[in-house]
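**Q** Return a 3D structure for these sequence lines:
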Amino acid sequence: MDIWQTAPRLMKGMYAFQEAASAAGLEPVIGELVKIRASQINRCAYCLDMHLADARKAGESQLRLDLLAAWEESGDLFTERERAALALTEAVTELTDGFVPDEVWERAAAHFDETELAALIGQIVAINAWNRFNVTVRGLPQSLRDGGRAA
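**A** Prediction:
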């Protein structure tokens, strides 16, 4: 199903939400790391394809992209601010216990002011929504639609 063609108002609303979350002033590198990490957890090939390509174009190192799924074991490859954002991303994405653990929240709050924290939460919620739409309807990654294979 092409949900976006079937429900264009839904797509328009998602783009508006994504734009509002993205325009809130969070640095782009953290935004891409959050999008990639949530998409890894949610197994969303569509979003992984898109955001890995975007991160590479923005100059993100292949080593950091390769080790993102194991960020906690990657020494100082990621900054403390990035690590706090990734911990919050995982907690919000998984929500298996119903709440973000206090220690994860406190860690994020120590590295982001309230405006940045609101933007970070918006980014995490937005990518999780995109992931859920695309995983549900089996959105085919752009690289595969173009007939190419990632190198």
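**Q** Please make it C-alpha for all contacts and neighbour counts, starting now.
**A** Fine.
**Q** Which elements pack onto the longest helix along the chain?
**A** Ranked by residue count, the top helix of the chain under DSSP state H comes out as helix 114-136. For helix 114-136, the packing partners by 3 or more C-alpha pairs under 8 Å, 6 or more residues apart in numbering; DSSP states H and E come out as helix 8-22, helix 28-42, helix 45-57, helix 80-94.
**Q** and the next element down the chain from that helix?
**A** helix 142-145 (DSSP states H and E).
**Q** Give the other helices and strands that that next one contacts.
**A** Looks like helix 142-145 contacts helix 45-57 (3+ C-alpha pairs under 8 Å, 6+ apart).
**Q** what comes up buried for the helix it packs on?
**A** Using 16 or more other C-alpha atoms under 10 Å as the test for burial, helix 45-57 gives 45-49, 51-52, 55.
**Q** can you check stretch 136-151 too?
**A** Result for stretch 136-151 [16+ other C-alpha under 10 Å]: buried residues 139-141.
**Q** one step back: could you dump the buried residues of helix 45-57 to TSV with distance to residue 70 and pLDDT?
**A** Shown next, in TSV, are the buried residues of helix 45-57 (distance: C-alpha to C-alpha, whole Å; pLDDT from 0 to 100):
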residue	distance to residue 70	pLDDT
45	18	95
46	21	94
47	19	96
48	16	97
49	19	95
51	18	96
52	16	97
55	17	96
